[in-house]
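Engineer: take a look and give me a structure for this.
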Amino acid sequence: MTDDIQLPDDMAAYGGILMDTRPWLYADAAADALRRLSLCTDNAHVEGWERPEHGYRVIGHLVTVTQRLPELLADVEYLIAGRDQEIVAADGADTETELTALYAEIRAAQAAAKETVAALGRVHARLGTLKEDPWATSGQGEESPDKGSPWFGPEKEAPSQSS
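Structural biologist: Next comes the predicted model:
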C-alpha cells in the first residue's frame, strides 16, 4: 500500500509540485529539465552559458544524471521479474522469449549508459582544462591576433601525431 511510504523531505516536492511516490512523474520532470536545458544551450546569448566553465558545470551534472541510469534500469528489471508470472506478451508472442529479450536489452542499455558516463567524464575532464582567455578580445570586441576561438580551438590545423 503506497499510503505507508514516507518520502524524505527533499523528495516530497520538486519544482513546487507535490510528486508523491509515482516514479513516472520524476522521469517526466527529468525529461522536461533536459528539454529546457537543451533550449537554453541552443542560445549562445543566455546568462550562464557564456564561458567554458559553464559547459564544465553542465556536463558535470549530466555525468551525475547518467550515473543513475544503470540502477534505474535494474529497478525496471526487478519490477518485471517480480511479476513475470502475471505478464503476457502482446500480440500472441511467446512471453518467455519476450522477457528474455527484455532482460538482454536492459543489460545492453546498462552497458551503454556506463560507456556514456565514461565518455561524458572524459568530456568533463577536457572542459576542465579550458578557460576563457581574458586577452582574447579587446575593449572594442576585436580578437587578438593569432587567437583561436575558445570553443572550437585554434584555427590552424593541429600537427599530425605521426610527425
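
Engineer: check which helices and strands the strand or helix carrying Ala119 sits against.
Structural biologist: When elements are assigned from DSSP states H and E, Ala119 belongs to helix 95-127. Here helix 95-127 touches helix 52-67, helix 69-81, going by 3 or more Cβ pairs under 8 Å, 6 or more residues apart in numbering; DSSP states H and E. Placement of C-beta: from N, CA and C, glycine included.

Engineer: buried residues in that helix?
Structural biologist: For helix 95-127, a neighbour-count test (16 or more other Cβ atoms under 10 Å) marks Leu99, Leu102, Ile106, Gln110, Ala113, Val117, Leu120, His124, Leu127 as buried.

Engineer: for the last one, give me the pLDDT.
Structural biologist: I take that to be Leu127. Leu127 is assigned 94 on the pLDDT scale.

Engineer: check contacts around it.
Structural biologist: Neighbour list for Leu127: Pro52, Glu53, Gly55, Tyr56, Ile59 [criterion: Cβ atoms under 8 Å, 6 or more residues apart in numbering].

Engineer: now do the nearest residue in space to the last one that is not next to it in sequence against Glu115, distance only.
Structural biologist: Taking Cβ to Cβ, 6 or more residues apart in numbering, and ignoring the residues beside it in sequence, Ile59 has His124 as its nearest neighbour in space, at 4.5 Å. Between His124 and Glu115 the computed distance is 15 Å (Cβ to Cβ, to the nearest Å).

Engineer: ditto for Leu130
Structural biologist: For Leu130, the distance to Glu115 - Cβ to Cβ - is 24 Å.

Engineer: cool, and Gln67?
Structural biologist: From Gln67 to Glu115 the distance is 12 Å (Cβ to Cβ).

Engineer: before we move on, the earlier item: need the helices and strands packed on helix 95-127 in CSV (columns: distance to Arg35).
Structural biologist: Output for the helices and strands packed on helix 95-127, formatted as CSV (distance: least, Cβ to Cβ, whole Å):
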stretch, distance to Arg35
helix 52-67, 13
helix 69-81, 17
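
Engineer: who touches the spatially most central residue of the chain in this structure?
Structural biologist: The residue lying closest to the centre of the chain (Cα atoms, centre = their mean) is Leu62, at 3.8 Å. Counting by Cβ under 8 Å, 6+ apart, Leu62 makes contact with Leu120.

Engineer: one more time with 10 Å, if that's ok
Structural biologist: Residues near Leu62 by Cβ atoms under 10 Å, 6 or more residues apart in numbering: Leu34, Leu37, Thr116, Val117, Leu120, Val123, His124.
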